[in-house]
Structure formats: structure tokens, C-alpha cells
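**Student:** only the shape, not the letters, is given here:
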């Protein structure tokens, strides 16, 4: 049986999502997507996340949600 798994990586500069396929115990990456969000932009001044950076990150997650749905990866 083949199942697809999505793995999301949120970093300070980008959000990545890889789609992996587990077929008979062998895992291989079949697709991926990356969004540059610059989440840490401006953190050095007051140690707070900025609204534009949070909005970019939220939009990236919404795009990734669609990507995962299209890929039919039901394990995240």
C-alpha cells in the first residue's frame, strides 16, 4: 500500500513542505514547495514578530494547505 506524507518545516526565513511516499517501507520524496517568508525580519530591534512577516507566513501556510490537498497527502 502506498501512502503520502507531508512534512512542513517552518524556519526564520522560509516555509518548506515536502511530500513523501511510503511504499512498502521505502520512503522517497515526490514533490516539494518552498515559500520565502522572512519571519524573523525586524526581530533584532525589539524581539517581536512583525505583522507583515506573520501575514506572509500565514499566506504561505494557506498555499501549502492547498498543495497538500492536491497531492492527497493525508498524513501531515
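**Tutor:** Sure, I can see it. Computed from a predicted structure; not experimentally measured.
**Student:** got the buried residues for stretch 51-68?
**Tutor:** Counting neighbours by 16 or more other C-beta atoms under 10 Å, one finds that the buried residues in stretch 51-68 are 53, 56-57, 60-61, 64, 67-68. Heads up, the C-betas are built off the backbone N, CA and C, glycines and all.
**Student:** distance from the worst-scoring helix or strand of the chain on mean pLDDT to the middle of the chain?
**Tutor:** Lowest on mean pLDDT, DSSP states H and E among the helices and strands of the chain sits helix 43-46, with a mean of 90. Between the centre of helix 43-46 and the centre of its chain there are 24 Å (C-alpha atoms, centre = their mean, to the nearest Å).
**Student:** report all helices and strands that it contacts.
**Tutor:** Applying 3 or more C-beta pairs under 8 Å, 6 or more residues apart in numbering; DSSP states H and E, we find helix 43-46 packed against no helix or strand.
**Student:** please shift the residue numbers so they start at 22 in all later answers.
**Tutor:** Sure, I'll start counting at 22 from here, so that last one is helix 64-67.
**Student:** name the surrounding residues that touch that helix.
**Tutor:** Where contact means C-beta atoms under 8 Å, 6 or more residues apart in numbering, the residues beyond helix 64-67 that reach it are 33, 70-71.
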